[in-house]
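# Quick one, what's the 3D model for this:
(one chain, ligands or ions: 2)
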Amino acid sequence: MMGRDAVDFTVSVVLPAAGSGERTGLPTPKQFCTFLNRPLISFTIETFERIPWIKSIVVVVAKESRDPMLQIVQQFCHTKVKVVEGGTTRHRSIFSGLQAFIESSEGPELPKPKVVIIHDAVRPFVDEEFLLKITLAAKEQGASGAIRPLVSTVIATTSEGFLDHSLERTKYRASEMPQGFLYDVIYQAYQRCSEFDFEFGTECLHLALQYSGTSAKLIEGPPTLWKVTYKRDLAAAESIIKESLSLSACLITGAMAETVELSSRLQKNLESHHMTLDVLPCIKENNELLLKTRNFIQISISGASLSETEEMVKVFEETKHALLYPVVIVWVRLCTDEATDIQKNVELKAIMELSMKVKRGNILLYCVQILYSKVPELWERSVERLTEITESLIRDRNPVLTGQMLQA
Ligand SMILES: Nc1ccn([C@@H]2O[C@H](COP(=O)(O)OP(=O)(O)OP(=O)(O)O)[C@@H](O)[C@H]2O)c(=O)n1
Ligand SMILES: O=P(O)(O)OC[C@@H](O)[C@@H](O)[C@@H](O)CO
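Ligands and ions are numbered 1, 2, ... in the order given. This is a model prediction of the structure:
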């Protein structure tokens, strides 16, 4: 497949995000519903923002959402974004987005792109490879669109609500997003389309065919292109993102024989559960490795200070490593002998204070205590429990459990 260097022309994106999300039944429009401390729309924007050959992103929001959207842009450092106001229907919103590239009385707008990608803001899972296919096809053919096989059969009903006939499913496809267009093709189509199209239409590809005589190239996309429409879709999106964050971790073993031995057992268990691990004795001078993942497991002997954890936190704060996704630190405290209550309280106080402080920077600090046992079966069982707890903390990223002394 052609690579990024094939994109030797300007590409911009229009993200319609001015809907009210009625079908979720939630008071907040779904594009602004949050998980992992971030609104859904920010995840979609990030998907496009990290692609170097995409020059600008026009986000189209309802008038009342303009200021909240500008705050999101600032909070999550979305640098390629311009926010414009949408309309009462999706087509009106998309047309508003396209007009952001046209000179206006308020002065120069965004540079007009050769190709414009139109993508629903509530479809957060799109990858660069597929976007490249859509973009290059749009450049060649004038228009392109993502399609997916139909899951349910399409039927036509009589006016009395009875079956009239069913369509042969193999002949039809579901039209999804992203879609790509030569800018002039889709802009002209919107200039020519009818009020009926603006009011009741849902398909940009149809407008390109009807009003610009351009038949879109259809490209089958991956199943990840689905649109968040119902409340259950928000839960599904959150679960998919959390799963994608929990695939790797950095295991910091410490230098003592006991912590290295525990690290080795934990590494074996986590890798057998398909987690990819980078293993370090300590974090000094390994900043680039620190920025490879957002999950850290730090093994230390009870009584050890949190200074190394604080060093890690400093690196994350300086690099804004936790800006877009929470960073998880699981501080494993290996007890080789029974600590006094005073020692436990001192440690517990230290971990609670530090966890509250770093949570404001989107860093989730957990503590798990494991008692060393000379009895192999008991020790094995404790390490198994430590593995399960560690996996759960990384997967679920539950802020409620931060700062607690969990027991493996
Ligand atoms: N007037 C509108 C209506 C919809 N959209 C956007 O178009 C995308 C797909 O539309 P849909 O899933 O139908 O969103 P809503 O219209 O918000 O959903 P509902 O029909 O449940 O209200 C969404 O990102 C939505 O914000 C838009 O920009 N302007
Ligand atoms: O119809 P809705 O407003 O739910 O969502 C818009 C979808 O129709 C649209 O994204 C695709 O069908 C491609 O045009």
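# for stretch 10-24, which positions count as buried?
Neighbour counts using 16 or more other CB atoms under 10 Å place 10-19, 21, 24 of stretch 10-24 among the buried residues. C-betas here are computed from N, CA, C, even on glycine.
# mind putting those residues in a markdown table, pLDDT, distance to residue 70 and secondary structure included?
Putting these into a markdown table (pLDDT from 0 to 100; distance: CB to CB, whole Å; DSSP: H, G, I helix; E, B strand; the rest coil) gives the following:
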| residue | pLDDT | distance to residue 70 | secondary structure |
| --- | --- | --- | --- |
| 10 | 97 | 24 | coil |
| 11 | 98 | 24 | strand |
| 12 | 98 | 19 | strand |
| 13 | 98 | 18 | strand |
| 14 | 98 | 17 | strand |
| 15 | 98 | 15 | strand |
| 16 | 98 | 17 | strand |
| 17 | 98 | 13 | strand |
| 18 | 98 | 14 | coil |
| 19 | 98 | 18 | coil |
| 21 | 97 | 20 | coil |
| 24 | 98 | 23 | helix |
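# Name the helix or strand for residue 186, please.
Per DSSP states H and E: residue 186 is located in helix 183-192.
# Report all helices and strands that that helix contacts.
In this structure, helix 183-192 makes packing contacts with helix 90-98, strand 115-118, helix 204-212, judged by 3 or more CB pairs under 8 Å, 6 or more residues apart in numbering; DSSP states H and E.
# does the helix or strand that that helix is followed by come close to ligand 1?
Reading on from helix 183-192 to the C-terminus, the next helix or strand found by DSSP H and E is helix 195-200. No: counting by CB under 6 Å from any ligand atom, ligand 1 is not contacted by helix 195-200; separation bottoms out at 10.3 Å.
# What parts of this structure come near ligand 2?
Applying CB under 6 Å from any ligand atom, we find that the chain lies next to ligand 2 at 90, 120, 175-177, 202-204, 227, 229.
# 5 Å instead, please
Taking CB under 5 Å from any ligand atom as the contact definition, the chain meets ligand 2 at 120, 175, 177, 202-203.
# and stretch 95-108, average pLDDT?
In this model, stretch 95-108 has an average pLDDT of 82.
# Please read the previous query as pertaining to stretch 248-258.
Across stretch 248-258, pLDDT averages out at 94.
# Pull the residues that contact the strand or helix carrying residue 382.
Residue 382 is part of helix 376-396 when elements are defined by DSSP H and E. Residues external to helix 376-396 that are found in contact with it (CB atoms under 8 Å, 6 or more residues apart in numbering): 242-243, 245-246, 249, 262, 265-266, 269-270, 273, 275, 295, 297, 328, 330, 332, 364, 366, 368, 370-373, 401, 406, 408.
# buried sites along that helix?
Of the residues in helix 376-396, those with enough neighbours to count as buried (16+ other CB under 10 Å) are 379, 382-383, 386-387, 389-391, 393-395.
# Just the mean pLDDT for that helix, thanks.
So the average pLDDT for helix 376-396 ends up being 97.
# after it comes which helix or strand?
strand 405-407.
# picking up where we left off before, residue 324: which of the buried residues of stretch 10-24 is nearest?
residue 15 (17.0 Å; CB to CB).
# OK, contacts around the closest one?
Contacts of residue 15 by CB under 8 Å, 6+ apart are 41, 44-45, 48, 57-60, 97, 119-121.
# Over to residue 258?
The contact partners of residue 258, by CB under 8 Å, 6+ apart, come to 301, 334, 336, 372.
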